[in-house]
Every structure is written in structure tokens, then in C-alpha cells.
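# mind folding the following:
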Amino acid sequence: MSKKLIYLLSLALVLSMTGSVWSGASNPSPVDGAVVEATWITMTWTGGQNAASFDVYFGDNFEDVKNGTGETFRGNQDKTLTFFIAGFAGYPYPDGLVPGTTYYWRIDEIQTDDTVQQGSVWSFKIPSKKATNPNPADGAEFVDPDVILTWKSGFGAKLHTVYFGEDFDEINNATDGIAQGVPSYSPGTLESEKVYYWRVDEFDGSSTYKGDVWGFTTPGAAGNPQPVNGALDIKQTQILSWTPADNATSHYVYLGTDKDAVRNATTDSPEYQGNKIIGEETLNPGTLAWDTAYYWRVDAIYTDNVVKGLIWDFTTANFLVIDDFEDYDIGNNEIWWAWKDGLGYAEHGDELAFPGNGTGSVVGDETTASYTEETIVHTGNQSMPLWYDNNKDGYLNYSEAELTLGGAYPSDWTVHDVNTLIIYFRGIQGNAAEQMYVAINGNAVVYNDDPDAAKISIWTAWNIDLQTIAEQNVDLTNVNTIAIGLGDKNNPQAGGSGKIYIDDIRLAAEAAPVGPILVFAEDFESVVLGTTIEESAGTEDVWSDTPPEGWIVDRSGVPGYGDLATDGMHEWAGWAFAQRDWWFTVDPQSRDSFQLSEGTIAVADPDEWDDADHPDSASEGWYKTYMYTPEIDISGCQSGTLQLVFDSSWNPEFDDDYHQSGIVTVSFNGQEELQLFLWLSDTSSPYYKAADMNETVTVNVANPPWATSMVLKFGMFDAGNDWWWAIDNIKVTGMPK
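Residues are numbered from 1 along each chain as shown. Purely as a prediction, here's the structure:
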């Protein structure tokens, strides 16, 4: 059975058994993200139990639908009208929905008490009439010479005409192709070290839709462009590079801001950048324009012909890059050559004994050849690891790494009206709380306002007004050095140690978004507590099995659940919601250690559950229960910045019979669940989690760039007569886009 089906069955079970009231439009049809092969649509949804009417928003612009702007508001409908039509005369888009277009819709529920439950933004796409999704992808490199070309057929296509060759213009202008009944084509075995182009025209029975021209290379051709094809936010002083064609004698290079001009350029064109001999596969284009798309081409030159290269592109940033840490490599180009730390070059292993700065800093990790960090990055592929130790024998009681500007690093901090220095950093929760600072030209020091900044374990933007630097007698037209440090530079004193990561140091005309912002919070105080049935029976206002609005609890894995006589102690048959102080007194046994909690808490307590009759856990598959959050809107957060924080009381037990386990998973946009962490009670397991009955748990959630929503699941499983897991004060935060 699929996870989605289990989820929906669990919802039906919980609602039917608890009499819960749910709110907000749900169950969209077509489902979110669907591809609809029609030019008209009937959209339907399910309203909440308290719905009085619905406000409908629909259009082809996500931001307008999300904000209810433009002409996207389509009116208010009675609660009985849970459908909306588009693409017919008399309705929105009367001439039909447009192929190749994504449409967005939102249903806000107006409830009987006039509360407005704003809906999520759903989408569907009408497929294009043109051929799409080429395989190999446009711009693919080093494709197998025995490749079979495939693509996604255009909407309604009945016949496909394929054009294939080595010249872009010939393929773009061709009219005589090879007709195909299926969306695939074999061009035969291709030559190595070549550039090939292809096009697919689609015919739907009445009209032909000319396709785009796609290109790819076979092994041996010039390739591996740096910056990578399609890269964004490239610095204006970027050096371009590529790998040479295997048998070429040299390469012509072309660069410009007009794609067609670069494609058609010759050695007489202004886009021509010169002939680069083998071994010199780099181009220094000088200072590039801000926020501009550039196109470039590398042709392979042979003794008897020229192979014209693919068109690559990148877009420069709308800010100045001081250091993005992407250029460090081996060969006297390790990161500590540029960022001088407390060790100096000799201590890093180089024979040139340049001294360090005497502070407790160490730049870099020996796990990579360049000493950069290659996994924990803000953008790109590398960041700077910076260790600090403010109580290190023989060193100053502060830690600092310094970069000398000039050359590749901008020293004029006034161009393009820049007014803000931006430093992206990420700490570790267990770091010592040493003050973070930046020092300009040695002595102009600005401290981060947050004394615990080094403990923030998600990427965070630090915005520094350049005026605060200028006021310390710094000439912003001639900045010589920038240093990043931890501790008190002006009044050094013994402190602690830790490690932070630095990336993307920039100068911009406006501050970067800061945060984090709170996108979800739950303290369970909205749960209406009632009277107990078995556990201290008749006690009022202390317990409920009904979760907060929008939450789902799955108790189907609790042996005996559904029969009061055999479900164990009924109050603890799966996740339950209890008044904290009452739970403390049920059977104390250190439950009252959970002092971070207050009011109502969520509890999975198989120890107390086992105190009444139930089927044998082993034969029934052990005690297991899961608790799902509502769908959480994360569309306003940067990728990779979400963080889950909650207070926890975890008391595990493991023996031959019971194996208490806890898990938290996340599902983005309704897709497969991903494990955030697993806690096992087996001390021999790498996932063993020791008892901690009063803990704040912090978990980084690697939300991908495409994710707009997520659902979290908290689970207890493989349990029997074990102890408990209690949770309170759940928060999800993220950095704003």
C-alpha cells in the first residue's frame, strides 16, 4: 500500500473515530503539479466542515495567485459549489487554456464564523504542442556515440519529424526531415569529438509546431565550461575555463551579451576573444557588467577543419563578490594562502615559513585538497571552514583570519552605489558562544549583534552597513584587508572554541534577507482536554486523543486499538495529548524531568499503555504510532535553510522483547518520506539515543529548491513495555528568500 493511501486512510480513521472538525479546502483535483492534456478544466476540492463559502483565485502567474493580485480573484462561491471551470466561453480563458502554460489556483475557505482559512497555491500544467524534454538534454556533454534520441511528444502530436546534423543553421532552417511515428530516433553510431544538433517538429493532424534546436557533444570534444552552463550570480572578475578537445591544436573563443551574435561570430567579429593554444584553456574577459547574461563559445581548431562549439551562458551578479571561495585549489592555491590564520604557511605544511597572525584561528580542513569545505556550502561548491580557539597556549585569546584585497578582490567599496557588506555564515550548535566580528583595514571592527551567532547552525546573512565602517576612518575607495574573527579583538580574554563556515562575502546596494522566519509553531495548547476513561478514570480536563487542527494521528499500529477492552490503557494507545502536570503524577518515574514543557504536551507512552489488557505485542507487530503535522508552507524560505526545533523527553528501553524506536521524517510537496533522524534504544546501534528527559532538539531540514510545502511525521515504533517519548513547543524556521 502506498504511503499516500495510508496517509489518507489514517485521516479517515482519525476523523471518524474522534469526531474531529477540519477546516480549509483540501483534496484538489487535478492534484497539485498535475499535467492536464486538455485546453479546458474543471477544478474541484473538498471543503472543511465549517465552510460557508469559498473565494476562488486562478491565473497563470504564481505571485498574483499567491497574493490575490491582478485579475486572479474569480469570485466567491457558495459552500455547495466546490468546483470551478476555466477554458470555455463565459469562463476565464474563454479561448481555451494555452498549451505550454502552468496555471495556479487557490481556494480560501470562508467559515461560518467569518474566519478566512487561506488555501495553499496549487498548480497544473497544459503540455506544450512542441517537443520537449530532450534526451540527451540540450547542452549535454560527452554523450555515448551510440545514443538513441528521445523526447516528450507535443500535446496531441501524431507525427514527429526529426532533423539531425553538425551545423546549427542547417538544422534550424531545414525543411526536409525524417518522419517518425514514435518519440525516439537512432542517428547511428556517431563520431567522437564532435558537436551535433537536432530538432523535432510535431504534427497534431492539422498544424505543425517547429521545435527548438538542441545540441550535444560526443566524448573528446571541448567541454566542462567554468562557470558551468547556466550559472547565476557570477562575479564580474570571473576567469573562464574549459577542457580542450582531445586532438585540437588550439581553440577560438567568443564572448558577448547577444546569443545569436555569439553563435554567428567569426574571427572578424567583436565577440572574438582570440586563439588559445593547448595548455591555455582560460580567458580573462576583464571586468564584466553587473546583472548581465553572457554567452560564450569555444571552437576546436584542427589542421584541416574547425568544430564549432555549443553556446554556453552565465549571468553576472547584481553585487560585488569579495570572495565566493570557488577558486581555491591545490598547488600554492589552498585557501590558507589567501586567508592568513594563526598558523601561517609553515604550520600548514609549506616550506615557505611565512608567519601566522598569532591568533587561535585555523583556516581549512585537511579532508579536501584545497582545504575548503565541499559539503556545507551556501552556494557553489566550496566554503571556508574557520576553527577558533580563544584559550590556546602560545596564541592570542581571540581568533581571526584575514584576506588582503587587490587584484582579484575588489578594494573600491563605493562602486555601483553599494552600501552593505554581506557575509553568509553557519555555525554549530555546540560551539562556544564567542562574539563574531569583522575587521576592516585591521582596526575598524564591527561586532555581530547576536552573541550566540557562532551557534546558529543554518546559513545566515550578516548585513553590515558600510557607513559604520567609514565612520571608523576607513577610506571605502581603498580597502586593504578584511578579517573575520571570533572573540573580543579590542579586549582579548580567554574563551572557548568551535568551528564556523563562511561563504559568499559580498558588497550590495541593498541588504540580504535576514531571519530566520517562523513558518510553523505548535505548542498543543489549542487541544481541548477532556475526561479520562481508564487512567485515573474520571479525571477531568487532562487528556485527549484529538490532535490540534490539521494534525493526523495514526494509531492503527497499536495492538488492540479500536476495542476499549483490549487496547491497553486507552489513554496511551498511540500518541495522546495530556496536561503535563497530570502526566507527571500518573506514574512519576522521572516523567517530571520534562521541565522545558508546559501546559499540554504530546505523549507516546507504551510503558503506561502496557498496564492494561492488549494482544501480545510481538504477534501484533509491536506498538507503533505516528503523528503528522498539517501541510507547512515553506515557499518563502531559501533552500537548505529550514530548521526543526522542539522540546523532548526521551526515555528508551531495550531488551529481548521490546525495542523502543523513534523517528522523524519529512515529505516535500507530497513526495516520498525522507528520514530526518532515527533514535534506537539498542546501545550497539549507531542510531542509539541515550535517555534525555529534558532536551531541546534541533534538526536541520535540507529543503530542496523546488519544495513549497512539507509534512513532518513523528513516530514511535517497535515498542512494548518500554518508557516514553514526550514532545512540546515545535517550531520550524527558515531563512527568507
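# contacts and neighbour counts: CA atoms only from here.
Will do.
# and the closest residue to Q118 other than its chain neighbours, what helix or strand is that in?
Excluding its sequence neighbours, the residue lying closest to Q118 (Cα to Cα, 6 or more residues apart in numbering) is D108, at 4.5 Å. Element membership for D108 (DSSP states H and E) is strand 101-111.
# quick one: average confidence on that strand?
Mean pLDDT, strand 101-111: 94.
# what's the answer for stretch 26-40, then?
The pLDDT scores in stretch 26-40 average 88.
# which residues touch the residue nearest to Q118?
24-25, 54-56, 116-119 (Cα atoms under 8 Å, 6 or more residues apart in numbering).
# rerun at 6 Å
D108 makes contact with 54-55, 117-119, according to Cα atoms under 6 Å, 6 or more residues apart in numbering.
# what count of nearby residues applies to the closest residue in space to V542 that isn't next to it in sequence?
Nearest residue to V542, sequence neighbours excluded (Cα to Cα, 6+ apart): Q579, at 4.8 Å. By other Cα atoms under 10 Å, 21 other residues sit near Q579.
# pretty sure Q579 is in contact with D541, am I right?
No - using Cα atoms under 6 Å, Q579 makes no contact with D541, being 7.8 Å away.
# the nearest residue to T150 once chain neighbours are set aside and S457, how far apart?
Nearest residue to T150 in three dimensions, chain neighbours excluded: S184, at 4.3 Å (Cα to Cα, 6+ apart). According to Cα to Cα, to the nearest Å, S184 and S457 sit 48 Å apart.
# of these two, who's got more company?
S457 (21 against 18).
# how about the contacts made by the more buried one?
426-429.
# now do the SS call for E63.
helix (DSSP: H, G, I helix; E, B strand; the rest coil).
# can you pull the pLDDT of it?
What the model reports as pLDDT for E63 is 91.
# ok, now the one 5 residues further on?
G68 is assigned a predicted lDDT (pLDDT) of 94.
# repeat for T267
According to the prediction, T267 has pLDDT 97.
# the one 4 residues further on now?
Looking at E271, its pLDDT stands at 98.
# ok, it to N264 distance?
Counting by Cα to Cα - E271 and N264 are separated by 10 Å.
# thinking again about what came up before, buried ones in the strand holding D108?
By neighbour count on 16 or more other Cα atoms under 10 Å, the buried set for strand 101-111 is 102-111.
# tabulate those (JSON lines), appending distance to G220.
Shown next, in JSON lines, are those (distance: Cα to Cα, whole Å):
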{"residue": "T102", "distance to G220": "39"}
{"residue": "Y103", "distance to G220": "43"}
{"residue": "Y104", "distance to G220": "44"}
{"residue": "W105", "distance to G220": "48"}
{"residue": "R106", "distance to G220": "50"}
{"residue": "I107", "distance to G220": "54"}
{"residue": "D108", "distance to G220": "56"}
{"residue": "E109", "distance to G220": "59"}
{"residue": "I110", "distance to G220": "63"}
{"residue": "Q111", "distance to G220": "65"}
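# would you mind checking which of these is nearest to A289?
Nearest to A289 among the buried residues of strand 101-111, counting by Cα to Cα, is T102 at 32.8 Å.
# so which of the buried residues of strand 101-111 is the closest to Y93?
Of all these, Y93 sits closest to Y103, with 11.1 Å by Cα to Cα.
# show me the beta-bridge partners of that closest one.
Counting by DSSP bridges, Y103 is bridged to F124.
# surely it and D60 touch.
Yes - in this structure Y103 lies within contact range of D60 using Cα under 6 Å: 4.4 Å.
# helices along the stretch 201-350 of the chain, start to end?
259-264, 335-338, 344-347 (DSSP state H, counting those that start in this stretch).
# nearest to G75, of the ones you listed?
That would be helix 259-264 among the helices of the stretch 201-350 of the chain, by Cα to Cα, at 43.9 Å.
# other residues contacting the closest one?
Applying Cα under 6 Å, 6+ apart, the contact partners of helix 259-264 are Y295.
# now it: how far from the chain's centre is it?
35 Å (Cα atoms, centre = their mean, to the nearest Å).
# buried residues in that helix?
Buried residues in helix 259-264 (16+ other Cα under 10 Å): 259, 261-263.
# again with stretch 521-532
For stretch 521-532, the neighbour count (16+ other Cα under 10 Å) marks 523-525, 527-530, 532 as buried.
# next: stretch 566-574.
The neighbour-count check on stretch 566-574 (16+ other Cα under 10 Å) flags 567-574 as buried.
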